[in-house]
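In: give me a model of this one.
(one chain, ligands or ions: 1)
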Amino acid sequence: MLSDKVLAELNEQLNREMYSAYLYMAMSAHAKNAGLNGFANWFMVQYHEEMFHAMKIYEYIQQQGGKVELKAIQQPPADFESPLDMFKKTLAHEQFITRSLNNLMETAIAEKDHATQIFLQWYITEQVEEEDNDNEIIHQLEMIQDHPHGLMMIDRELGSRAAHVPTDFSKGLEAAEAPAA
Ligand code: OFO
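Out: You can find the predicted model right below:
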């Protein structure tokens, strides 16, 4: 069972994860228009990751008998100055998400909601990895300083990223995560 406070904050977090997906989709579109197909791939994989994060919250709320409340998704920016600008904005956004998850954890602790604390641990661990990945790519982009050859190499590397999260949620998360028969 979820308290009203925890439920309200989980619904807010669901909206933030949907915005994250939308933001990375916007970055993917921008990269594609700039001819950076590897960057476009990386951000589209990130879009899938965020949809998975959103769906985990969606299903957790329902498992706990709560009401999913879908709020309007904010419009993301459409234009970015450079690949470095996209990754700096990605890192800033992920730091914002980390803070919001920490606040949500504080609420779950205050409400003595142990199940939600355990549920949120997965997200908090995930954020460490996300921020680390972004920092690494920012570092690489700063090193090459817009040098076309370096940019092409990073683009090729980012193009090899594949989605490792389920993308079809029609039969629920458990079915989506089950290995293919
Ligand atoms: Fe990018 O992280 Fe979701 O939670």
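
In: pull out the buried positions in the lowest-mean-pLDDT helix or strand in the chain.
Out: When the helices and strands of the chain are compared on mean pLDDT, DSSP states H and E, helix 173-177 comes out lowest with a mean of 89. Under the neighbour-count criterion of 16 or more other C-beta atoms under 10 Å, helix 173-177 has 173, 176 buried. All C-beta atoms are positioned from the backbone trio N, CA, C, and that covers glycine.

In: that helix packs against which elements?
Out: In terms of contacts (3 or more C-beta pairs under 8 Å, 6 or more residues apart in numbering; DSSP states H and E), helix 173-177 is packed against helix 37-63.

In: and the helix it packs on, how far from the chain's centre?
Out: Chain-centre distance of helix 37-63: 6 Å, with C-alpha atoms, centre = their mean, to the nearest Å.

In: try stretch 10-27
Out: For stretch 10-27, the distance to the chain centre is 7 Å (C-alpha atoms, centre = their mean).

In: who's in contact with that stretch?
Out: Counting contacts by C-beta atoms under 8 Å, 6 or more residues apart in numbering, the residues outside stretch 10-27 that touch it are 2, 39, 43-44, 46-48, 50-51, 53-54, 57-58, 60-61, 66, 68-71, 73-74, 76-78, 80, 86, 89-90, 93, 97, 100-101, 104, 116.

In: could I have that stretch exported to CSV, CA atoms only?
Out: Extracted C-alpha coordinates of stretch 10-27, given in CSV (Å, rounded to 0.1, in the frame of the first residue of the first chain):
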residue,chain,number,x,y,z
LEU,A,10,5.9,8.3,-7.8
ASN,A,11,3.5,9.8,-10.3
GLU,A,12,5.7,12.9,-10.6
GLN,A,13,8.7,10.6,-11.1
LEU,A,14,6.9,8.7,-13.8
ASN,A,15,6.4,12.0,-15.6
ARG,A,16,10.0,12.9,-15.2
GLU,A,17,11.1,9.5,-16.7
MET,A,18,8.7,10.1,-19.7
TYR,A,19,10.2,13.6,-20.1
SER,A,20,13.7,12.0,-20.0
ALA,A,21,12.7,9.7,-22.9
TYR,A,22,11.3,12.7,-24.8
LEU,A,23,14.4,14.7,-24.2
TYR,A,24,16.7,12.0,-25.5
MET,A,25,14.4,11.4,-28.5
ALA,A,26,14.8,15.1,-29.3
MET,A,27,18.6,14.8,-29.1
